[in-house]
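S.K.: Could you look at this predicted model? Sequence included:
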Amino acid sequence: MGFGDLKAPSGLKVLNDFLADRSYIEGHVPSQADVAVFEAISAPPPSDLSHALRWFNHIKSYQSQKNSLPGVKKPLGQYGPAGVGDSTAAVAQKAADDDDDDVDLFGSDEEEDAEAARLKEERVAAYAAKKSTKPALIAKSSILLDVKPWDDETDMAKLEECVRSIQMDGLVWGQSKLLPVGYGIRKLQINCVVEDDKVGTDILEEQITAFEDFVQSMDVAAFNKI
């Protein structure tokens, strides 16, 4: 297993391919596996490695609470895809293990060897077809944002209008309310649901704080997987 050198383009390419159908390095929630791989990367992946970049930005939002994430951090080489040694024969063996039929693939007779090879190829093809038809899981999260104005004279209705004007694929705005901060200042607390592969907290913060006439800052008040 392993991604190789994650500071090199080749290692980042392996990571990007690995995350093409995954939200996290292991399991379905952020864990110490994500922390270990994140810390091995020297800088955000380039934009053409979209899966790796999406994952990097998402895990970056957990850095302040990384020590509380579940799991036990293991050596970096224990994460990632199977190595080059994981050949077609190994895939065939996995397919054979999933099958209830008990077939001897290692007969000494030449005719039996040919039959074993044919069965192996059929099972590899069947296993690949089964994997290709499996529906992709769309990972989503519910995020509660705190958006703070500059002062008590900020038009909060206009501030909320600006926030809700942000539209992108994979983003749905929900309910909102105004909460007192102090000295007559109120903040906007607003909920949204995002598709993890398409929208990260970094993107939301960048777009919301772009309304600099109204917004002083944005914080993530709560983050929950759906």
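M.R.: Sure thing, it's come through.
S.K.: Quick check: F211 vs Q167, distance?
M.R.: 14 Å (Cβ to Cβ, to the nearest Å). Every C-beta, even on glycine, is put in place using the N, C-alpha and C of the backbone.
S.K.: Can you tell me which helix or strand of this structure has the lowest average pLDDT?
M.R.: Here the helix or strand of the chain ranked lowest by mean pLDDT, DSSP states H and E is helix 88-98, holding a mean of 45.
S.K.: following that one, which helix or strand shows up next?
M.R.: Note on helix 88-98: by DSSP states H and E, the next helix or strand toward the C-terminus is helix 110-132.
S.K.: buried ones in the helix or strand hosting K148?
M.R.: Using DSSP H and E, the element containing K148 is strand 140-149. Within strand 140-149, the residues scored as buried using 16 or more other Cβ atoms under 10 Å are K140, S141, I143, L144, L145, D146, V147, K148, P149.
S.K.: what's the pLDDT at the last one?
M.R.: In this case it means P149. With respect to pLDDT, P149 scores 97.
S.K.: ok, back up a step: so what does the helix or strand that comes right after the strand holding K148 touch, helix or strand wise?
M.R.: Sequence-wise, the next helix or strand downstream of strand 140-149 (DSSP H and E) is helix 156-164. Secondary-structure packing of helix 156-164 (3 or more Cβ pairs under 8 Å, 6 or more residues apart in numbering; DSSP states H and E): strand 140-149, strand 171-182, strand 185-195, strand 215-225.
S.K.: May I have the secondary structure class of the residue nearest to F3 when sequence neighbours are not counted?
M.R.: Once flanking residues are discounted, F3 sits nearest to G80: 4.2 Å by Cβ to Cβ, 6 or more residues apart in numbering. The assignment at G80 comes out as coil when based on DSSP: H, G, I helix; E, B strand; the rest coil.
S.K.: go on, Y24?
M.R.: At Y24 the chain is in coil, as set by three-state DSSP.
S.K.: From D213, how far out is it?
M.R.: For Y24, the distance to D213 - Cβ to Cβ - is 38 Å.
S.K.: okay, the two: which has more neighbours?
M.R.: Neighbour comparison, Y24 and D213: the larger count goes to Y24, with 19 against 11 (by other Cβ atoms under 10 Å).
S.K.: Kindly state the pLDDT recorded for the nearest residue to A221 once chain neighbours are set aside?
M.R.: Using Cβ to Cβ, 6+ apart and skipping the chain neighbours, the partner closest in space to A221 is L144 (4.4 Å). Listed pLDDT for L144 reads 96.
S.K.: likewise Q32?
M.R.: Note for Q32: predicted pLDDT of 91.
S.K.: same deal with R22?
M.R.: R22 carries a pLDDT score of 89 in this model.
S.K.: re earlier: so what strands line up beside the strand holding K148?
M.R.: Next to strand 140-149 in the sheet, as set by DSSP bridges, lie strand 185-195 (antiparallel), strand 215-225 (antiparallel).
S.K.: neighbouring contacts of the last one?
M.R.: Right, the one you point to is strand 215-225. For strand 215-225, contacts defined as Cβ atoms under 8 Å, 6 or more residues apart in numbering pick out 28-29, 61, 139-150, 159, 162-163, 189, 201, 204-205, 208-209.
S.K.: how about a cut-off of 7 Å?
M.R.: 29, 61, 141-150, 159, 189, 201, 205, 208-209 (Cβ atoms under 7 Å, 6 or more residues apart in numbering).
S.K.: cool, the first one as well?
M.R.: Residues outside strand 185-195 that contact it (Cβ under 7 Å, 6+ apart): 138, 140-149, 151-152, 156, 159-160, 163, 170-181, 221, 226.
S.K.: Fine, thanks again, bye for now.
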